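**Student:** Just need the structure, nothing else, for what follows:
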Amino acid sequence: MMEYKGYIGKVDFDDEAGIFHGEVVNIRDVITFQGQSVAELKKAFRDSVDDYLAFCSERGEDPDRPFSGQFVTRISPELHRQVNLAAAVSGKSLNAWVAEQLQAGVQRVGVVKATGKRAPAKARAARKAT
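**Tutor:** Predicted coordinates:
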């Protein structure tokens, strides 16, 4: 994974063609890039993001931005009640409590950071032990 200006690129290698190719995965619009070396791939990724932003600007459109900070999730009414109660007992708003729980879950899993780097295996193992 690669990150540039908040856009995250996923990369694959095509052994037959001998090239790296990738696409931005955290927006709905399609941004692709390719290169024959890591340096060429990184440059193509940055250039593709910059071209996308320039294209949107020229058209007077807002570019698709990664992650607005909002998402909708469906849960049962009973779980909704329990979550709301847990937040109230904790003295927090529902949003603050849910965000705290999500952050704790992400840290337990050792998920990929925005930089595309996973938490070190030692850190993931330590979190699992707790």
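**Student:** show me what contacts A86?
**Tutor:** Residues in contact with A86 (Cβ atoms under 8 Å, 6 or more residues apart in numbering) are W97. Glycine gets a C-beta too; all of them are placed from N, C-alpha and C.
**Student:** Next, the buried residues of the longest strand anywhere in the chain.
**Tutor:** Across the chain, the longest stretch assigned as strand under DSSP state E is strand 7-14. Across strand 7-14, burial judged by 16 or more other Cβ atoms under 10 Å covers 7-9, 11.
**Student:** how's the chain carved up into domains?
**Tutor:** 2-58, 77-129 (automatic domain parsing).
**Student:** In PDB, list the C-alpha atoms belonging to stretch 67-74.
**Tutor:** The C-alpha coordinates for stretch 67-74 follow below in PDB (Å, rounded to 0.1, in the frame of the first residue of the first chain):
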ATOM      1  CA  PHE A  67     -13.100   9.100   4.300                       C
ATOM      2  CA  SER A  68     -15.400  11.800   5.400                       C
ATOM      3  CA  GLY A  69     -15.300  10.800   9.100                       C
ATOM      4  CA  GLN A  70     -18.900   9.600   8.900                       C
ATOM      5  CA  PHE A  71     -20.400   6.200   8.200                       C
ATOM      6  CA  VAL A  72     -23.800   4.600   8.800                       C
ATOM      7  CA  THR A  73     -24.100   1.200  10.300                       C
ATOM      8  CA  ARG A  74     -27.100  -0.900  11.000                       C
END
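**Student:** so how far is it from its chain's centroid?
**Tutor:** Taking Cα atoms, centre = their mean, to the nearest Å, one finds the center of stretch 67-74 at 13 Å from the center of the full chain.
**Student:** again with stretch 51-69
**Tutor:** Distance, centroid of stretch 51-69 to centroid of chain: 17 Å (Cα atoms, centre = their mean).
**Student:** Next up, the contacts around L102.
**Tutor:** Not one residue lies near L102 by Cβ under 8 Å, 6+ apart.
**Student:** Please repeat the previous calculation with a cut-off of 10 Å.
**Tutor:** Shown in contact with L102 (Cβ atoms under 10 Å, 6 or more residues apart in numbering): F71.
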